[in-house]
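Chemist: Dropping a prediction and its sequence here:
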Amino acid sequence: MYDKDILMLQIAASKMDPNHFLMLILLRFELFDYFNGSCSSTDQDELIQWNRLTEEMLYLLIVITGERYVPGLSQVTREDVTMREVIHLLCIEPMAHSSLVKGLPENESHETGLESVITKVATFKKPGVSGHGLYEVNKECLAEFNPFFYHYSKSQHSKAEESQKKRRTQEGSDKALHPPVPPVFCPAFSRIVNLLYCDITIHVLRFILQGAAEDHASHWTEAMIQRALHLIGQALLEEKTQLEDSTVEEVTFDFSLKARSIGSEHGKSVFLLLSKIKALPSLEAQKDMFKWLLQMFEIVKCLRENSSPTASMSVETTKPEESAQDKEKAERKRKAEAAKLHRQKIMAQMSAMQKNFIESNKMLYDNMPESGTQGEPVTSNDTELCVAIGPHRGSTPAKREVLTCILCQEEQEVLAQAPAMVMTACVQRSTVLTQCRGKLPTNRAPGTGTSYPLFMPPELTVGTHTGSCGHVMHATCWQKYFEAVQNMTRNRLHAELIIDLENGEYLCPLCKSLCNTVVPLIPLEQVTFNYENAEIIGQHLTLPRWIQVLSARIKGLNGDGDTELCGESQPDFRSILSYGVQEQRKFSDSIMDMLVVCATTVHRVGLQTAPNELCPHVPLMAWNTCAFTIQAIENILQEEDKPLFGSLQNRQLTGLKAIVQFAASQRLKSSHAVIQRHFTDMLGVLLPAMSRKNTPSLLEVDFVHLLVGLVLSIPSLYQEEAVDLQPSAVSSAYNHLHILHLVTMAHVLQVLLSTAGANMVGGEETEEARAAGELYAAVSQHTGGSSVAERVKKGIKPFLRCAALFFSCLTGVHPPEELFSTSAASQGQMEALCSYLALPSNVFQLFQEHRDAVTPLAMYIRNRLIDLPEDYSALLNQASHFQCPKSTDDERKHPTLCLFCGAMLCSQSSCCLSRLDGEDVGACTAHAATCGAGVGMFLRIRECEIVLMASKTRGSTYPAPYLDDYGETDPHLERGNPLHLCPERYRKLNQLWQQHCILEEIARSLEVVNVMFAFEWQMF
């Protein structure tokens, strides 16, 4: 309706005398007496009202004389009108296609005409992994920008003006937002331009400019001056256009002449007033506009005098300004170069001082370890620095770690006997690595001793992941913060949707990540390795002898029957102590308390049971979460083809080290008899002579979990009744070496047994290949294959990568540089892993030395989200054929696709309700409980949106990875544009799942969105 009102005023202006028309306008705004000078006032409110009315009246004149983009009003087409609308929308900010469509007026056919003009005026910028594809206006179209575009709202006018001034500043041009050159009116409306040079217009402009020149602050505003300047610019452009198209005699438009002559005798002409007020400090923002107007006056004057062409006059008039700008740029450049030379001089002085200091303290620097290494072991062989276990392992350096509490901002060094420092963490069940989706571990009765969680199934059905944002607090500060959060959250509306108080959840005070426990920070134990002693012990403590020693110790501790192995008599019960012991490490009471807090949370969440710090499964769950977290991180690095070391985020690496040290220290808070029992049961998997009736075969156990459990529980065998002991550094090195050798051999056998249908004939006849073939033939006559060595290497590499991460965090020994620079697929990574783990590069040599101590294991498959079709119409077609299995009618319901396993479900429907923990839940909630351990990621096909679920009561929506040709998602398919899969966004969803960030994403989403009525996610 507003456009039609403007058109009616333009029709009236074209039929009436311009002075008569303007008098009617002034009367309508009640400004006739004000501009006539017959009324005056000192009342500030009244003056403010007059100023506002004047601003609105000037704006109306700008619109009547300048808005000509109407077919029939001027010589423009509908396409020109649409182009101008699009240009002005994009001058506000780059916009998505859907935003442009909403902002454009529709014709009688409900069409905007955007598609036919968008490529002419804008450039499309494709989206990244988030956001929308955006259109940016072409630079050559910016000349059409009108800051007083009549379809702008007040906020859009401010944004557009600010955006264009910022752009012009970045380009180094002036900030004058002068009016664009308008199209020519049609003959029937040509008289409208007379409004720009009639006597009343000149009088109004002089009145406004005079108020500013006389510095009557209450009689003018900057917005009023800005509109007056724009109106003058319109008049000068109109006069310039007519002079260029016609001869001087034919042109009746004489605004410039009136602006110079009327009032000139008193120095109050428009031109003289412009020259006077351009230097006012209060109008500094308009100085570029003043310059442009004065230049336009000169250009029009030259055109009337025919003294020179417009272009040359423009150059001449801008010369002084350009020279001033050049001087300013030269001055800035000179200052920048002077500052650069000054910085270089200071850096040279600092470098010279540093060199002098190093020279004068050469002895000190010669004795310091190099940056980046974790200490210099007492050794002459550099290769020994990069061995984590065995007789040639590197020493753990003394590293002082001082951290700042994010709550009280006080610094504290991390020490074993100091008050506890803790790191925020989130423990959650996970099926990211499962090899058998939908299957849950069973038989976890504590009395059996051989069930989950003692043995993790090789399918990794449900693991317990512990992640951290890496922020550190004092334990006491955290306890106070946690209590305050609980008290405050109970009084908050729908806070239970974000924070589950019963689960001990809270938001990190700094980054607002979702957490439900803390991990105590435990410093690495300094180890100086005695290589001479290790060499002597190594001559006696071979793998068979080590097994005998363990057997004797276990027999003495448990009172078992004869466990004689390898055809030799058993050593003495305490012979294990003769290879080196030391006093057990002591921690402060607060650290021990935090160990209990973290372990109890891991046990409660992992097993979905009531808190019980005395349960024998508590240490097992601590080891399990350590192993599973390592596997999850290795899986991410493998998926992204990144180096094993050096590519982890700092929060991931810090969190992983804290979790490993927490798991290693957990035995100190548990019964020694329980830990010894767990070790005996786990070792029985590898050594059949020590197994019991219900011990699972190697095909039923995950060996990363077994390795972590054995390594972290073996110190319990050194416990004596009268004194707390633990193995020495040398004893631990051999324990780790022999455990790793046993587990690695079992893993190799498992890879061989799982390789069916291969041909043993052919391939290279290397020593490695012959050894592999001999072993393979001995294990099974029914399986075989070519390139057995390559198959084994590929099968055991994930295990070795996890072992390297584990021992690096446990011992602190710096890995070889090859593991920092080579990707997961690199050829040299296997050799570097074997070197770091003290394994022979030909892993089959292990079997030639210890052929009788192994049994097989299972292969490992990496999980990803299901493959989605590139065209979304394929999913819609699939959904159209979906029938609810429990519904009797033909209604299609709400087909929803599980992105973990590909199952099609009927969501938000009463027909598919099922019982879960005694409550009625929807199909997706029930499916997530078995498929994702309570975590789910679903695609609602008819709504084209992702639903993330973390429990029966929490969920959130997330943009689908399907985009249209304009780089936008289409929730609920409202626009109906063809959609195609965006691989980058789907890859981001996959990372969100594999990095266990779904729970955190839901919490962040719920924190942002204010919910008045909670959504019943359990019915989804």
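Modeler: Received the coordinates, thanks. Residues are numbered from 1 along each chain as shown.
Chemist: And the lowest mean pLDDT element among the helices and strands of this structure?
Modeler: helix 362-366 (a mean of 45; mean pLDDT, DSSP states H and E).
Chemist: need the strands for the stretch 301-450 of the chain, in chain order.
Modeler: Here the stretch 301-450 of the chain has its strands, by DSSP state E, counting those that start in this stretch, at 402-404, 411-413, 421-430.
Chemist: can you redo those strands as JSON lines with mean pLDDT?
Modeler: Converted to JSON lines, the strands of the stretch 301-450 of the chain look like this (pLDDT from 0 to 100):
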{"stretch": "strand 402-404", "mean pLDDT": "92"}
{"stretch": "strand 411-413", "mean pLDDT": "92"}
{"stretch": "strand 421-430", "mean pLDDT": "93"}
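Chemist: Tell me, how many residues neighbour the residue nearest to Val596 when sequence neighbours are not counted?
Modeler: Closest residue to Val596 apart from its sequence neighbours, by Cβ to Cβ, 6 or more residues apart in numbering: Glu613 at 5.4 Å. In short, each C-beta sits where N, CA and C put it, glycine included. For Glu613, the count of nearby residues is 14 (other Cβ atoms under 10 Å).
Chemist: Same check on His881?
Modeler: So His881, with other Cβ under 10 Å, has 9 neighbours.
Chemist: Please report phi then psi for it.
Modeler: phi -90, psi 0 (degrees, to the nearest 10).
Chemist: How about the secondary structure of the residue nearest to Val596?
Modeler: coil (DSSP: H, G, I helix; E, B strand; the rest coil).
Chemist: which ones are touching it?
Modeler: 596, 599-600, 603, 669 (Cβ atoms under 8 Å, 6 or more residues apart in numbering).
Chemist: hmm, back to that, kindly compare burial across the strands of the stretch 301-450 of the chain and name the winner.
Modeler: strand 421-430 (a mean of 25; mean count of other Cβ atoms under 10 Å).
Chemist: ok now that strand, how far from the chain's centre?
Modeler: 19 Å (Cα atoms, centre = their mean, to the nearest Å).
Chemist: Relative to whichever helix or strand comes after that strand, what are the paired strands and their orientations?
Modeler: Proceeding N to C from strand 421-430, the next assigned helix or strand is strand 463-467, under DSSP states H and E. Note on strand 463-467: by DSSP bridges, its sheet partners are strand 421-430 (antiparallel).
Chemist: Output the one helix or strand Arg677 maps to as CSV, nothing but the C-alphas.
Modeler: Using DSSP H and E, Arg677 falls within helix 672-686. Taking C-alpha atoms only, helix 672-686 is exported to CSV below (Å, rounded to 0.1, in the frame of the first residue of the first chain):
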residue,chain,number,x,y,z
HIS,A,672,44.7,-55.9,46.9
ALA,A,673,43.0,-59.3,46.9
VAL,A,674,40.4,-58.1,44.4
ILE,A,675,43.1,-56.7,42.1
GLN,A,676,45.1,-59.9,42.3
ARG,A,677,42.1,-61.9,41.5
HIS,A,678,41.3,-59.8,38.4
PHE,A,679,44.9,-60.1,37.2
THR,A,680,44.8,-63.9,37.6
ASP,A,681,41.6,-64.2,35.7
MET,A,682,42.8,-62.0,32.8
LEU,A,683,46.2,-63.8,32.6
GLY,A,684,44.3,-67.1,32.3
VAL,A,685,43.0,-65.9,28.9
LEU,A,686,46.6,-65.9,27.5
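Chemist: What is it packed up against?
Modeler: helix 543-558, helix 617-639, helix 703-713, helix 729-753 (3 or more Cβ pairs under 8 Å, 6 or more residues apart in numbering; DSSP states H and E).
Chemist: and the last one, what does it pack onto?
Modeler: Looking back up the chat, that one is helix 729-753. Contact analysis of helix 729-753 by 3+ Cβ pairs under 8 Å, 6+ apart lists helix 531-540, helix 543-558, helix 672-686, helix 703-713, helix 767-779, helix 788-811, helix 845-849 as its packing neighbours.
Chemist: What is the subsequent helix or strand relative to the last one?
Modeler: Where DSSP H and E defines the elements, the next helix or strand beyond helix 845-849 is helix 872-880.
Chemist: Name the spans of the stretch 551-700 of the chain whose pLDDT lies under the cut-off.
Modeler: Scanning the stretch 551-700 of the chain for pLDDT under 70 picks out 558-571, 689, 691, 693.
Chemist: try 50
Modeler: Across the stretch 551-700 of the chain, the ranges flagged by pLDDT under 50 are 561-568.
Chemist: Equivalent analysis for the chain, please.
Modeler: Looking at the chain by pLDDT under 50, you get 1, 309-322, 363-384, 443-450, 561-568, 756-763, 780-786, 852-859, 1012.
Chemist: picking up where we left off before, which one of the helices and strands packed on helix 729-753 lies closest to Thr625?
Modeler: Smallest distance to Thr625 across the helices and strands packed on helix 729-753 (Cβ to Cβ): 9.7 Å, for helix 703-713.
Chemist: Residues touching the closest one, excluding its own?
Modeler: 455-456, 458, 619-620, 623-624, 626-628, 630-631, 663-664, 666-667, 675-676, 678-679, 682-683, 685-686, 735-736, 739-740, 743, 746-747, 799, 802-803, 806, 810, 857.
Chemist: what's the angle between that helix and helix 729-753?
Modeler: Angle of helix 703-713 versus helix 729-753, following axes from the mean of the first three to the mean of the last three Cα atoms, to 10 degrees, is 160 degrees.
Chemist: Next SSE downstream of helix 703-713?
Modeler: Downstream of helix 703-713 (by DSSP H and E), the next one is strand 725-727.
Chemist: who does that next one pair up with?
Modeler: strand 581-583 (antiparallel).
Chemist: Now do stretch 969-976: everything it contacts.
Modeler: Stretch 969-976 has contacts (Cβ under 8 Å, 6+ apart) with 98, 101, 132, 942-945, 959-960, 962-964, 977, 979.
Chemist: In helices, which of those appear?
Modeler: 98, 101 (DSSP state H).
Chemist: of all the helices and strands packed on helix 729-753, which gets the most neighbours per residue?
Modeler: The highest average neighbour count among the helices and strands packed on helix 729-753, using mean count of other Cβ under 10 Å, belongs to helix 703-713 at a mean of 26.
Chemist: pretty sure Leu61 contacts His230?
Modeler: No. Checked against Cβ atoms under 8 Å, the pair Leu61 and His230 is beyond contact range at 9.7 Å.
Chemist: what is the nearest residue to Ala926 once chain neighbours are set aside paired to in the beta sheet?
Modeler: Counting by Cβ to Cβ, 6+ apart, Ser914 is the residue found nearest to Ala926 once chain neighbours are left out, at 4.5 Å. Note on Ser914: beta-bridge partners by DSSP bridges are Val921.
Chemist: Ser914: neighbouring residues, count only.
Modeler: 14.
Chemist: hang on, isn't it packed against Ala928?
Modeler: No. Taking contacts as Cβ under 8 Å, Ser914 lies outside contact range of Ala928: 11.9 Å.
Chemist: quick revisit: nearest to Ala176, out of the helices and strands packed on helix 729-753?
Modeler: helix 788-811 (61.9 Å).
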